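K.L.:
Here's a sequence, model it:
(one chain, ligands or ions: 2)
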Amino acid sequence: MSQITIALSKGRIFEETLPLLAAAGIVPSENPESSRKLIIGTNRDDVRVVIVRASDVPTYVQYGAADLGIAGKDVLIEHGGAGLYQPLDLKIARCRMSVAAPVGFDYAAAVQRGARLRIATKYINTAREHFAAKGVHVDLIKLYGSMELAPLAGLAEAIVDLVSSGGTLKANNLVEVEDIMPISSRLVVNQAALKLKRDQLQPVIDAIAGAIK
Ligand code: ATP
Ligand code: MG
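P.N.:
Ligands and ions are numbered 1, 2, ... in the order given. Presented below is the predicted three-dimensional model:
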């Protein structure tokens, strides 16, 4: 039997994936939060988990360094999805991608008069497509975190970011001005691995599918 490698990020994706893996009879032997190990064994000799940055999951699966992975739709759209089969919406790590701006900023009026807006975001490709489709002129500024700070510090007029409760926006005096898309995590599968290891992968995919809430 060949080895199956599953790429996961730690934190919410690892936690929310555990019940889905359990349904497939896969139980990781350690918690990456406490063990610091990047390769984690499981109860099955033929299955291991590699712990990577959330945004690196599609890359590991694309190149076949992992056969399976779990990544947010946000991350998959930015990656582009080349080489990936995306059979399942797992309905975990749910949130939405939104445009947010400072409470006093009249976003709709700025858009209406055709103003050129500076937008800070980690999601350059998704933001570019969204504003192009709406005919909004933007200069996009790439950030790697703490997007909420950008309008407060005068770096940008608005941001594109993920929102769940809205608590972080509120704490920073920002409001959502546009909903871009709902976000949840997907199972991604290396296309070549699915052909070569179908006997091993298909039962795992089917068991995960059966456990989606
Ligand atoms: P890093 O922390 O390494 O910079 P990250 O912030 O993308 O990466 P996580 O915070 O673990 O890593 O997010 C992983 C995925 O979970 C995201 O890609 C997104 O799909 C989803 N996610 C992010 N924020 C939320 C949230 N507030 N609520 C629900 N799901 C979220
Ligand atoms: Mg995060």
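K.L.:
residues of the helix-or-strand element of the chain with minimal mean pLDDT that come out buried?
P.N.:
Of all regular secondary-structure elements in the chain, judged by mean pLDDT, DSSP states H and E, the least confident is helix 32-35 with a mean of 94. Taking 16 or more other C-beta atoms under 10 Å as the neighbour-count basis, helix 32-35 is seen to contain the buried residues residue 32. C-beta here means a position set from N, CA and C on the backbone, and glycine is covered the same way.
K.L.:
and that helix, how far out from the chain's middle?
P.N.:
In this view, helix 32-35 has its centroid 21 Å away from the chain centroid, taken as C-alpha atoms, centre = their mean, to the nearest Å.
K.L.:
how about the strands of the chain, start to end?
P.N.:
4-8, 39-41, 47-51, 68-72, 84-89, 95-102, 117-121, 138-142, 158-163, 174-183, 185-190 (DSSP state E).
K.L.:
before we move on, back to that, which residues are contacting the least confident helix or strand of the chain?
P.N.:
Surrounding helix 32-35, the residues in contact under the criterion C-beta atoms under 8 Å, 6 or more residues apart in numbering are 8, 10-11, 14, 38, 40, 51.
K.L.:
how about a cut-off of 10 Å?
P.N.:
The contact list for helix 32-35 (C-beta atoms under 10 Å, 6 or more residues apart in numbering) reads 8-11, 14-15, 28-29, 38-40, 49-51.
K.L.:
and if you look at stretch 120-128?
P.N.:
Counting by C-beta under 10 Å, 6+ apart, 55, 73-75, 77-80, 97, 99, 119, 129-130, 138-151, 153, 155-162, 180-181 sit against stretch 120-128.
K.L.:
rerun that using 7 Å as the cut-off
P.N.:
The contact list for stretch 120-128 (C-beta atoms under 7 Å, 6 or more residues apart in numbering) reads 74, 77-78, 97, 119, 140-144, 147, 150, 155-156, 159-161.
K.L.:
What's the PyMOL line that selects buried ones from the residues you listed?
P.N.:
Applying 16+ other C-beta under 10 Å to the contacts of stretch 120-128, the buried members can be selected in PyMOL as follows:
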select buried, resi 74+77+78+97+119+140+141+143+147+150+156+159+160+161
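K.L.:
among the contacts of stretch 120-128, which are in reach of ligand 1?
P.N.:
The subset of the contacts of stretch 120-128 within reach of ligand 1, counting by C-beta under 6 Å from any ligand atom, consists of residue 74.
K.L.:
Find the closest residue to ligand 1 in this protein.
P.N.:
Here the residue of the chain nearest ligand 1 is residue 72; by C-beta to the nearest ligand atom that distance is 2.0 Å.
K.L.:
For that residue, which non-adjacent residue is spatially closest?
P.N.:
Of all residues beyond its chain neighbours, the one nearest residue 72 is residue 185 (5.1 Å), with distances taken as C-beta to C-beta, 6 or more residues apart in numbering.
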